[in-house]
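**Q** this one's structure only:
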């Protein structure tokens with residue numbers, strides 16, 4: 001799981017998402033997990049401003065095991081059925097739940113412009 005950051009009228013908006021990675025492209029879909037509404041803020045934010053960030057991190061009591069990776073890029077909703085189906089195939093390859101019950105909500109594609117990361121064991125700073 002990663003966290004997706006979008007920009008809305010009220011400022012930053014951060015939500016956890018499941019994803020699949022294909023080179024410098026990240027895909028995600030609005031799935032069947034319960035949500036308060038189908039009018040998701042992340043979708044409205046992407047339509048308004050496509051700049052996004054993704055953050056994956058790992059915490060451990062052993063601080064030598066700490067790491068994080070951030071991907072900054074631009075998101076769009078896939079309106080082409082063939083492109084959306086290809087993204088869903090990537091997601092289904094990663095998540096059993098998507099193989100059993102394929103999402104039927106909007107599909108998000110993020111083109112990563114910049115990768116940034118840090119690992120305590122590598123001794124590198126961000």
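**A** All right, it came through fine. Because the structure is predicted, anything quoted here is derived from the model rather than measured.
**Q** can you give me the strands in this structure?
**A** Counting by DSSP state E, one finds strands in the chain at the ranges 2-8, 11-17, 20-22, 25-29, 51-58, 67-77, 107-119.
**Q** Determine which stretch of those strands is the most buried.
**A** Mean neighbour count (mean count of other CB atoms under 10 Å) peaks for strand 25-29 among these, with a mean of 22. Yep, even glycine has a C-beta here, placed from its N, CA and C like the rest.
**Q** Parallel or antiparallel, list what pairs with that one.
**A** The strands beside strand 25-29 in its sheet (DSSP bridges) come out as strand 20-22 (antiparallel), strand 107-119 (antiparallel).
**Q** what angle separates the last one from strand 67-77?
**A** I take that to be strand 107-119. 160 degrees (axes from the mean of the first three to the mean of the last three CA atoms, to 10 degrees).
**Q** and residue 33, how many residues sit next to it?
**A** By other CB atoms under 10 Å, the residues close to residue 33 number 8.
**Q** Now do it, the pLDDT please.
**A** Residue 33 carries a pLDDT value of 70.
**Q** same thing with residue 36?
**A** 69.
**Q** how much space between residue 94 and residue 121?
**A** 26 Å (CB to CB, to the nearest Å).
**Q** Can you pick out the residue with more neighbours from these two?
**A** Remark: of residue 94 and residue 121, residue 94 carries more neighbours, 14 against 11, as counted by other CB under 10 Å.
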